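In: no sequence for this one, just the structure:
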């Protein structure tokens, strides 16, 4: 830990995502700060979450009420730290800049601007803006900083390998089709674990109508209850390799990629940009073609090669927060 936050006051806005918002809050508090937390997407139902993604304007009035009702405008914040900010309006941000005059405003995007186009217009309200996507960084002139893994995904020793390869994730876009093709190409001797999650049965029915990749899909191939982080970690530590499929509109590395690094597990991914990162090793990471996803014979059986300790440390949550906060150092 390089950056102390002793006696600082922080307003944190972040989405609920498998407990990562609490991991970030905990790390900020561990450094000595008092944290007030607000939801980046203040809706819990699958329907409203979908509306937020596809018709953001429909929920903005309700989101503004939430922020105005739950923000202490008399607080003397040192930092306002926003992750994504998908339902933060320019009006709310202008009010915050007026109320919290001495606060430094940070934005971190762990989704691409291709999926969050409205956030681009809010960049002007932040003193420092970061993105996990290298192309977005170059296009919008903001800092590039990949994601992180939390302590729960760090190597837990020699756990017995129950599965040769596993996938856990939301079955959006072409993920179901890719997982199906990967599964079909694996030999009968390969033991695989697939957890294709959808928010509700009606989402499956909708995808059957609008997503060509769901043709032939059966309802019993999907799960409608999210796994806990502990369950995800159990599958990670019990797998030789993890399959990762990024959203087709992004080039940034998924959280899953960094979690695999943390767990020191092998990675099979459709994201070719991973070759440009400092932890890439061909024996650990296999890049497959999105349209013809074939896992080479022997990859799952070859040993994992450890990365340098300094590289490993950089992608821990602590390293992620240090790199962001260091922009405030003189």
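Out: In hand now; what should we look at? This structure is a prediction, so every number in the text was calculated from the model and none was measured.

In: what's the closest non-adjacent residue to the residue nearest the centre of the chain?
Out: Nearest residue to the geometric centre of the chain (CA atoms, centre = their mean): residue 255, 4.2 Å. Excluding the flanking residues, the one nearest residue 255 by CB to CB, 6 or more residues apart in numbering is residue 147, at 5.3 Å. In short, each C-beta sits where N, CA and C put it, glycine included.

In: can you confirm the one you found is in a strand?
Out: No. In this structure, residue 147 is coil, not part of a strand, as judged by DSSP: H, G, I helix; E, B strand; the rest coil.

In: Isn't it up against residue 132?
Out: Yes. At 5.1 Å, residue 147 counts as touching residue 132 under the criterion of CB atoms under 8 Å.

In: higher neighbour count, those two?
Out: Higher neighbour count among residue 147 and residue 132: residue 132, with 24 against 19, using other CB atoms under 10 Å.

In: Tell me the buried residues in stretch 9-26?
Out: 9, 10, 11, 12, 13, 14, 15, 20, 21, 23, 24, 25 (16 or more other CB atoms under 10 Å).

In: List the ones among those residues that fall in strands.
Out: 9, 10, 11, 12, 13, 14 (DSSP state E).

In: my guess is residue 278 is in a helix, correct?
Out: No. Per three-state DSSP, residue 278 lies outside any helix segment and is coil.

In: Run a quick neighbour tally on it.
Out: Using other CB under 10 Å, residue 278 is surrounded by 11 other residues.

In: Test my guess that it contacts residue 311.
Out: Yes. Residue 278 lies in contact with residue 311 (CB under 8 Å); the separation is 5.4 Å.

In: Low-confidence ranges, the stretch 51-200 of the chain, go.
Out: Judged against pLDDT under 70, the low-scoring parts of the stretch 51-200 of the chain cover residues 51-58, 155-158.

In: which residues in it form strands?
Out: 79-83, 104-109, 128-131, 143-144, 163-170, 192-197 (DSSP state E, counting those that start in this stretch).

In: where's the residue nearest to residue 143 when sequence neighbours are not counted relative to residue 25, distance?
Out: Excluding the flanking residues, the one nearest residue 143 by CB to CB, 6+ apart is residue 130, at 4.4 Å. Going from residue 130 to residue 25 by CB to CB, to the nearest Å gives 18 Å.

In: Can you report how many residues lie near residue 135?
Out: Using other CB under 10 Å, residue 135 is surrounded by 16 other residues.

In: Please list all residues in contact with it.
Out: Applying CB atoms under 8 Å, 6 or more residues apart in numbering, we find residue 135 in contact with residue 251.

In: Pull up the gap between it and residue 178, please.
Out: Going from residue 135 to residue 178 by CB to CB gives 21 Å.

In: coming back round to it: what about the strands of the stretch 51-200 of the chain, which gets the closest to residue 205?
Out: Residue 205 lies closest to strand 192-197 among the strands of the stretch 51-200 of the chain, at 15.0 Å (CB to CB).

In: now for that closest one, which elements pack on it?
Out: Packing partners of strand 192-197 (3 or more CB pairs under 8 Å, 6 or more residues apart in numbering; DSSP states H and E): strand 163-170, helix 175-185.

In: Contacts for the last one next, please.
Out: When contacts are defined by CB under 8 Å, 6+ apart, helix 175-185 is touched by residues 165, 167, 169, 171, 192, 194, 196, 213-214, 217, 221-222, 243, 245, 268, 270, 288, 290, 292-295.

In: Quick check on these: which are buried?
Out: Using 16+ other CB under 10 Å, the buried members of the contacts of helix 175-185 are 165, 167, 169, 171, 192, 194, 196, 213-214, 217, 221-222, 243, 245, 268, 270, 288, 290, 293, 295.

In: Is the residue nearest to residue 174 when sequence neighbours are not counted in a helix, a strand, or coil?
Out: In space, and not counting its chain neighbours, residue 174 is closest to residue 213: 4.7 Å by CB to CB, 6+ apart. Here residue 213 is helix, with the state taken from three-state DSSP.

In: Check what pLDDT residue 213 gets.
Out: On the pLDDT scale, residue 213 is placed at 88.

In: tell me the contacts of it?
Out: Residue 213 touches 173, 174, 175, 176, 177, counting by CB under 8 Å, 6+ apart.

In: Considering those residues, which possesses the most neighbours?
Out: Within the contacts of residue 213, neighbour counts (other CB under 10 Å) peak at residue 176, which reaches 24 neighbours.

In: what's the spacing between it and residue 311?
Out: Taken as CB to CB, the span from residue 176 to residue 311 is 33 Å.

In: What of residue 225?
Out: Residue 225 is 36 Å from residue 311, by CB to CB.
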